[in-house]
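Novice: Using only what follows, build the 3D model:
(one chain, ligands or ions: 1)
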Amino acid sequence: MKAIVLKKFGGVENLEIHEIAKPTILKDEVLVKVKAFSINPVDVKTRDGEALADMLKDDSPIILGWDISGTVVEVGKNVDLFHVHDEVFGMVNFVGHGRAYAEYVAVPAEQITQKPDNISHIEAAASPLVGLTAWQAFTHFGKLQQNDKILIHGASGGVGHFAVQIAKYLGAYVIGTSSAKNREFVLELGADEHIDYKTEAFEKRLNNIDFVLETIGYDNFRKSVSVLRENGTIVNLPSGLTEEDEREAEQKNLNACYFMAVYSSGKDMKIIADLLEKGIIKPHIQQVYNFNQIREAHLQVETGTTKGKVIVAI
Ligand SMILES: NC(=O)c1ccc[n+]([C@@H]2O[C@H](COP(=O)([O-])OP(=O)(O)OC[C@H]3O[C@@H](n4cnc5c(N)ncnc54)[C@H](OP(=O)(O)O)[C@@H]3O)[C@@H](O)[C@H]2O)c1
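Specialist: Residues are numbered from 1 along each chain as shown. The predicted model follows:
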């Protein structure tokens, strides 16, 4: 089969298409013929030697990627939930080696769910990591309540555009940040207010916020802490919080969750699938690339200005 192998950590020139053996499956796994996969910032950071690079460095070959949608072609002997020809999607082995940039991927059956018929493989591939991140941030790591005021940073990005839709579904009042070019998009997703981070300091406009989803990093964490109410919640996605950041949050007596790591879960994927099927959430696809354009796809995600998601279709 064809797979995109990472020769060594570094620039996009290290992503190469190789012919390698199809994976063999364990008894709790299924083999999925991949129709589409998505690119997330963690793929780009890992390619560059950060994020999960340390975890993957002794594996060979290294195949990046975690989000897939495709068709089951083989079923392990302990698997009774799925059958050959089922259309499935999910986030494979996160945190671990996903090996999603390939024609075939071996996936633990407990990490995937059936793809709803009314969405394409491209839309399905867009949804697992960002959908699970928003869902787990609001219901596992933090507890977003009805009528909470939530500030969602990067509301036009992969995580943000799902987070806005899921927060509205959960009954929150949503304030989303992005630059002006994505203002209408963020409001159309359902946000009640928009702040253009390039022209307005959100920490001057807002206070008494119940919940922040922090997706940006650097000093954005501390500015976000400053707008929270006592006992508010901040779920932080980028790594790299300093001890001082955490001390500042502790001083505010927050009901804080300073860092979350999204994890593979077929049970949570089923919830995401239901929300997609009912049209409660809808992925926005900025661009679909083909297998040979993996380097261009990575360069787009690396800009940090993607609107919605970047997909590779096979
Ligand atoms: N810990 C975890 O479990 C976890 C899970 C998922 C993601 N993450 C991390 O979370 C971060 C976000 O992921 P993502 O997939 O949403 O990234 P993304 O799709 O690349 O986000 C891009 C969006 O961010 C907006 N943006 C850029 N700078 C901004 C700023 N200063 N303020 C507000 N918005 C800004 C951009 O809007 P404009 O183009 O309008 O500027 C763009 O639409 C990444 O660092 C990712 O690795 C962590």
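Novice: can you count the residues close to residue 245?
Specialist: Around residue 245 there are 17 other residues, counting by other Cβ atoms under 10 Å. C-betas here are computed from N, CA, C, even on glycine.
Novice: How about the contacts made by it?
Specialist: Shown in contact with residue 245 (Cβ atoms under 8 Å, 6 or more residues apart in numbering): 221, 222, 225, 258.
Novice: Residue 4 now?
Specialist: Shown in contact with residue 4 (Cβ under 8 Å, 6+ apart): 15, 16, 17, 18, 63, 64, 65, 101, 102, 291, 294.
Novice: Need the nearest residue in space to residue 87, chain neighbours excluded.
Specialist: Once flanking residues are discounted, residue 87 sits nearest to residue 115: 4.3 Å by Cβ to Cβ, 6 or more residues apart in numbering.
Novice: quick revisit: mind giving me the ChimeraX select for the contacts of residue 4, buried ones only?
Specialist: Remark: buried members of the contacts of residue 4, expressed as a ChimeraX selection using 16 or more other Cβ atoms under 10 Å:
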select :15,63,64,65,101,102,291,294
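Novice: can you list the weak-confidence ranges in the stretch 151-300 of the chain?
Specialist: Low-confidence segments of the stretch 151-300 of the chain (pLDDT under 70): none present.
Novice: could you redo the last one with a cut-off of 80?
Specialist: Filtered on pLDDT under 80, the stretch 151-300 of the chain yields the residue ranges 255-258.
Novice: ok, and of the contacts of residue 245, which contact the ligand?
Specialist: Near the ligand, taking Cβ under 6 Å from any ligand atom as the test, no member of the contacts of residue 245 is found.
Novice: Is it possible to get JSON lines of those that adds neighbour count and secondary structure?
Specialist: Conversion of these to JSON lines gives the following (neighbours: other Cβ atoms under 10 Å; DSSP: H, G, I helix; E, B strand; the rest coil):
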{"residue": "221", "neighbour count": "25", "secondary structure": "helix"}
{"residue": "222", "neighbour count": "16", "secondary structure": "helix"}
{"residue": "225", "neighbour count": "25", "secondary structure": "helix"}
{"residue": "258", "neighbour count": "17", "secondary structure": "coil"}
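Novice: Arrange those residues in JSON lines, one row each, with distance to residue 160 as further columns.
Specialist: Output for those, formatted as JSON lines (distance: Cβ to Cβ, whole Å):
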{"residue": "221", "distance to residue 160": "16"}
{"residue": "222", "distance to residue 160": "20"}
{"residue": "225", "distance to residue 160": "19"}
{"residue": "258", "distance to residue 160": "19"}
